[in-house]
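*Asks:* This is a predicted model, with the sequence first.
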Amino acid sequence: MAMRIRMSFPVGAVMVLLSSCAVGPNYQPPRTETEAPATFLAQDPGAAGEPVVADWWAALRAPVLDRLISEALASNADLAAAEARVQQSRALVRISGAQYYPTFNADGRVSRDKLSRNGENLALIPFEPPRTEFTDYRLGFDAVWEIDLAGKTRRDVEATVARLGSSEELRNDARSVLTAEVASAYVDYLAAMARLHVAEADRSRAAEVLELDALQVRAGTLSETDRRRVEAEARNAEAAVPPLAAARDAAMLQLVALTGTSRDAVAALLADATALPEAPQAAPVGLPGDVLRRRPDVRHAERELAAATADVGSAIAARFPRLTLVGDAGWDSVQPGKLVQSASRYWNIGPQLTVPIFSAGRLRAQSEAAASSRDAAEASYRAAVLRAVADAETGLVRLAADRERQRSVTASAQALAVAAQHEQLRYGAGDASRIEVLQAERALDAAEDGRIAEQAQVLKDYVSLGKSLGFGWQERVGAAVAARADAGRAGEPTLKAP
């Protein structure tokens with residue numbers, strides 16, 4: 001229940017002056033410096049001072065990847081949906097801000113009325129009314145202006161502005177995820193292609209070894225047991241080819257979905273892709289505090305905390321009196337020809353005060369719910385901060401470990417390459433058999449497959465680290481990538497949706 005009081009203009013003027021107040025807590029952004037460690041666990045001491053680049057994939061020097069990311073940023077459906085939600089939030093900000101201003105309406109009405117002679121309007125009149133049935137013509141205007149007495153409108157606007165920032169950070173996060181997914185799918189495609197080439201060569205060598213062993217079995221120099229073992233190895237080499245072909249096709253189809261383009265166009269573009277690029281040796285890490293300021297998910301959580309804080313003030317302000325200036329004026333007549341005469345004019349204007357008296361605890365419960373929602377938003381923010389630091393720390397640790405493993409695997413492959421060359425020389429000199437050459441080459445194939453897989457893993461670690469450090473979403477990224485893509489586009493196939 002609310003009590004409405006009509007006030008005189010002087011009292012209303014005093015209330016207008018009081019409208020500069022706003023109840024509830026004023027939001028203070030949390031300090032990220034206290035939430036993050038001074039340095040990362042696996043950070044290179046010199047990495048903190050290196051320049052930060054938003055488009056981390058530029059260091060890979062892969063023009064095809066530039067074009068794929070440029071197209072994804074322009075045509076991805078999920079990113080378009082996130083952008084539409086940003087536009088929706090901007091409209092909600094304008095809706096909320098409109099509460100500061102009065103509302104004016106105009107209305108016109110023509111109605112046919114029949115009054116009851118026995119009703120309360122006519123039964124007590126001491127004379128017979130001349131007419132009880134007539135047509136009423138009405139033309140008028142009305143205005144309503146709620147004065148922000150306790151700051152509810154201000155808090156509502158603060159909340160919608162903060163949620164606009166939240167939706168913008170969700171869009172930024174979608175950009176960051178998208179660029180990482182495109183780069184990861186691109187690496188998967190090139191790795192599958194390279195490993196498929198090695199697997200097909202290994203399958204051919206295994207088949208040749210099987211044929212040579214069959215000759216030895218017939219000659220009696222090789223047991224059937226050894227031949228069965230070689231046959232099993234040949235079958236395993238053959239079985240390794242289809243999964244790699246499927247991985248290649250799956251990566252290409254993922255790029256089709258991410259870029260929103262046709263399969264043929266993506267396939268034509270990927271035909272220009274060369275070997276796997278090498279991940280840069282030094283990543284532009286920066287400081288943990290910088291990561292928290294860059295990461296869109298942390299920025300999103302901070303904006304949600306700001307919105308929840310403003311909601312607390314709005315809920316508290318709902319328990320205070322509300323002052324509204326109302327008025328209406330116009331013309332009313334039962335004779336259309338006299339509608340605009342001065343005698344047909346009417347008007348009513350004055351302030352109206354609404355005081356909440358009894359709501360069965362609803363308003364208090366709304367305040368408590370808003371406070372609990374703010375506590376939840378604060379906890380979510382802390383969780384986002386801890387998750388961001390952990391992601392960055394984990395990315396650095398994994399990249400360092402996989403780099404070390406890549407060095408060992410690469411050294412192993414180089415040693416086996418030398419051994420294969422040595423066996424080839426021995427075979428040319430008549431000191432080694434063809435089977436020994438094939439076995440050395442197959443050992444090199446296995447090592448080369450592992451080297452490619454590890455190189456791809458390091459690249460994917462670099463991609464994941466770029467996302468974990470809060471790169472890949474900044475506004476200037478799209479323009480920079482598009483410029484690089486345009487520079488290398490002349491004479492190449494274009495990406496168009498089917």
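*Replies:* Great, that's in hand. Numbering: from 1, shown residues only.
*Asks:* show me what contacts the residue positioned nearest the centre of the chain?
*Replies:* The centre of the chain sits closest to residue 174, judged by C-alpha atoms, centre = their mean, with a distance of 2.4 Å. Counting by C-beta atoms under 8 Å, 6 or more residues apart in numbering, residue 174 touches 78-79, 82. Quick note: C-beta positions are derived from backbone N, CA and C, even for glycine.
*Asks:* same deal with residue 422?
*Replies:* Residue 422 is in contact with residue 440, counting by C-beta under 8 Å, 6+ apart.
*Asks:* can you give me how far the host helix or strand of it is from the chain middle?
*Replies:* If you go by DSSP states H and E, residue 422 is part of helix 362-428. Remark: helix 362-428 is offset 19 Å from the chain centroid, using C-alpha atoms, centre = their mean, to the nearest Å.
*Asks:* now swap in stretch 193-209 and tell me
*Replies:* Here the centre of stretch 193-209 is set off from its chain's centre by 41 Å, with C-alpha atoms, centre = their mean.
*Asks:* got it, and stretch 437-448?
*Replies:* Centroid separation for stretch 437-448 versus its chain: 45 Å, with C-alpha atoms, centre = their mean.
*Asks:* Is residue 154 located within a helix, as I assumed?
*Replies:* Yes - membership of residue 154 in a helix is supported by DSSP: H, G, I helix; E, B strand; the rest coil.
*Asks:* so who does the closest residue to it other than its chain neighbours touch?
*Replies:* What sits nearest to residue 154 in space, not counting adjacent residues and going by C-beta to C-beta, 6 or more residues apart in numbering, is residue 22, at 4.8 Å. By C-beta under 8 Å, 6+ apart, the residues touching residue 22 are 148, 150-151, 154-155, 313, 317.
*Asks:* Next: residue 270.
*Replies:* Listed by C-beta under 8 Å, 6+ apart, the contact partners of residue 270 are 64, 189, 252, 255.
*Asks:* if we can go back for a sec, quick one: the contacts of residue 22 as a markdown table, columns for pLDDT too.
*Replies:* Shown next, in a markdown table, are those (pLDDT from 0 to 100):
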| residue | pLDDT |
| --- | --- |
| 148 | 89 |
| 150 | 90 |
| 151 | 90 |
| 154 | 94 |
| 155 | 94 |
| 313 | 94 |
| 317 | 92 |
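*Asks:* If you rank these by neighbours, which is first?
*Replies:* Within the contacts of residue 22, residue 155 tops the neighbour count with 29 neighbours, counted by other C-beta atoms under 10 Å.
*Asks:* so that residue touches residue 307, yeah?
*Replies:* No - between residue 155 and residue 307 there is no contact under C-beta atoms under 8 Å: 10.1 Å.
*Asks:* just the helices in the stretch 151-300 of the chain please.
*Replies:* Remark: helices assigned in the stretch 151-300 of the chain by DSSP state H, counting those that start in this stretch are 152-219, 224-239, 241-259, 263-270, 288-294, 296-317.
*Asks:* With distance to residue 110 added, can I get the ones you listed in CSV?
*Replies:* Shown next, in CSV, are the helices of the stretch 151-300 of the chain (distance: least, C-beta to C-beta, whole Å):
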stretch, distance to residue 110
helix 152-219, 37
helix 224-239, 85
helix 241-259, 59
helix 263-270, 62
helix 288-294, 63
helix 296-317, 41
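*Asks:* just these: most buried one?
*Replies:* When those are scored by mean count of other C-beta atoms under 10 Å, the highest mean neighbour count falls to helix 296-317 (a mean of 24).
*Asks:* thinking in terms of the whole chain, how far from its middle is the one helix or strand residue 140 maps to?
*Replies:* Assigned by DSSP H and E, residue 140 falls within strand 133-147. Distance, stretch centre to chain centre, for strand 133-147: 48 Å (C-alpha atoms, centre = their mean).
*Asks:* Mark which of the contacts of residue 174 are part of helices, please.
*Replies:* Of the contacts of residue 174, the ones assigned to helices by DSSP state H are 78-79, 82.
*Asks:* in stretch 392-401, what's buried?
*Replies:* Buried positions in stretch 392-401, judged by neighbour count with 16 or more other C-beta atoms under 10 Å: 392-396, 398-400.
*Asks:* can I get the CA coordinates of that stretch in CSV?
*Replies:* The C-alpha trace of stretch 392-401 is given here as CSV (Å, rounded to 0.1, in the frame of the first residue of the first chain):
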residue,chain,number,x,y,z
ALA,A,392,48.1,-17.3,-17.8
GLU,A,393,50.3,-19.2,-15.4
THR,A,394,49.3,-22.5,-16.8
GLY,A,395,49.8,-21.3,-20.4
LEU,A,396,53.3,-20.2,-19.6
VAL,A,397,54.2,-23.4,-17.8
ARG,A,398,52.8,-25.6,-20.6
LEU,A,399,54.5,-23.5,-23.3
ALA,A,400,57.9,-23.7,-21.5
ALA,A,401,57.5,-27.5,-21.0
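*Asks:* if we can go back for a sec, residues in contact with the residue lying closest to the residue nearest to the centre of the chain once chain neighbours are set aside?
*Replies:* In space, residue 174 comes closest to residue 82 once its chain neighbours are excluded; the distance is 4.4 Å by C-beta to C-beta, 6+ apart. Neighbour list for residue 82: 167, 170-171, 174 [criterion: C-beta under 8 Å, 6+ apart].
*Asks:* would you turn those into a markdown table with distance to residue 437 and pLDDT?
*Replies:* Listed next are these as a markdown table, based on distance: C-beta to C-beta, whole Å; pLDDT from 0 to 100:
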| residue | distance to residue 437 | pLDDT |
| --- | --- | --- |
| 167 | 63 | 96 |
| 170 | 58 | 94 |
| 171 | 58 | 95 |
| 174 | 53 | 94 |
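*Asks:* Check those residues and tell me the two furthest apart.
*Replies:* The span of those, defined through C-beta to C-beta, is set by 167 and 174 at 10.5 Å.
*Asks:* which intervals of the stretch 301-450 of the chain have sub-threshold pLDDT?
*Replies:* When residues are selected by pLDDT under 70, none of them lie in the stretch 301-450 of the chain.
*Asks:* In TSV, list the contacts of residue 174 along with distance to residue 232.
*Replies:* Shown next, in TSV, are these (distance: C-beta to C-beta, whole Å):
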residue	distance to residue 232
78	46
79	49
82	52
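*Asks:* about what we covered before: which of the helices of the stretch 151-300 of the chain has the lowest mean pLDDT?
*Replies:* Here the helices of the stretch 151-300 of the chain differ in mean pLDDT, and the lowest is helix 288-294 at a mean of 81.
*Asks:* Can you spell out which helices and strands pack onto that helix?
*Replies:* Applying 3 or more C-beta pairs under 8 Å, 6 or more residues apart in numbering; DSSP states H and E, one finds that helix 288-294 makes contact with helix 362-428.
*Asks:* between the helix it packs on and helix 152-219, how big is the angle?
*Replies:* With axes from the mean of the first three to the mean of the last three C-alpha atoms, to 10 degrees defining the directions, helix 362-428 sits at 20 degrees from helix 152-219.
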